[in-house]
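Student: The following block contains a protein sequence and its predicted model.
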Amino acid sequence: MIVSMIQLLFEIPDIGSIKDKRNVIKSIIDKLKRRFQLSAAEVDLQDSLSFAQIGGALVSNSGVFGEKVLNKALKMIENEEAIRIQDVKIYSQEF
């Protein structure tokens, strides 16, 4: 079993409240789950107004396949106008 994981750190400029931030994050997480069948959640920086960290994972039988899906998910997130990606980590691990 191979677990492919993505960790994203991004900035959300022009946000006025935590509620607005949550709406942006929820939209991104919902898209990751719906379009790519990823398990995803906000994993850190919940109290920060302008930064967020999301983690996602995909279980498959191939690290190449998993990382290919995660790279497609990253491209989708990069096209989100409301955010600026600061750091990305994509990797796979066999269990």
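Tutor: Thanks, I have it. Residues are numbered from 1 along each chain as shown.
Student: Strands along the chain, start to end?
Tutor: 2-11, 39-44, 51-60, 84-94 (DSSP state E).
Student: In a markdown table: those strands, plus mean neighbour count and mean pLDDT.
Tutor: All C-beta spots, glycine's among them, are computed from the backbone N, C-alpha and C. Formatted as a markdown table, the strands of the chain follow (neighbours: other Cβ atoms under 10 Å; pLDDT from 0 to 100):
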| stretch | mean neighbour count | mean pLDDT |
| --- | --- | --- |
| strand 2-11 | 19 | 94 |
| strand 39-44 | 15 | 93 |
| strand 51-60 | 19 | 94 |
| strand 84-94 | 13 | 93 |
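Student: now these as a markdown table including distance to G66?
Tutor: As requested, the strands of the chain are exported to a markdown table (distance: least, Cβ to Cβ, whole Å):
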| stretch | distance to G66 |
| --- | --- |
| strand 2-11 | 3 |
| strand 39-44 | 12 |
| strand 51-60 | 5 |
| strand 84-94 | 5 |
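Student: list the contacts for the residue most central in space within the chain?
Tutor: Centroid-nearest residue in the chain: I54, 4.5 Å away (criterion: Cα atoms, centre = their mean). Applying Cβ atoms under 8 Å, 6 or more residues apart in numbering, one finds that I54 lies in contact with 7-8, 10, 25, 28-29, 32, 40-43.
Student: Could you export these as a markdown table, including distance to S17?
Tutor: Listed next are those as a markdown table, based on distance: Cβ to Cβ, whole Å:
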| residue | distance to S17 |
| --- | --- |
| Q7 | 25 |
| L8 | 21 |
| F10 | 18 |
| I25 | 13 |
| I28 | 17 |
| I29 | 18 |
| L32 | 23 |
| A40 | 23 |
| A41 | 21 |
| E42 | 16 |
| V43 | 21 |
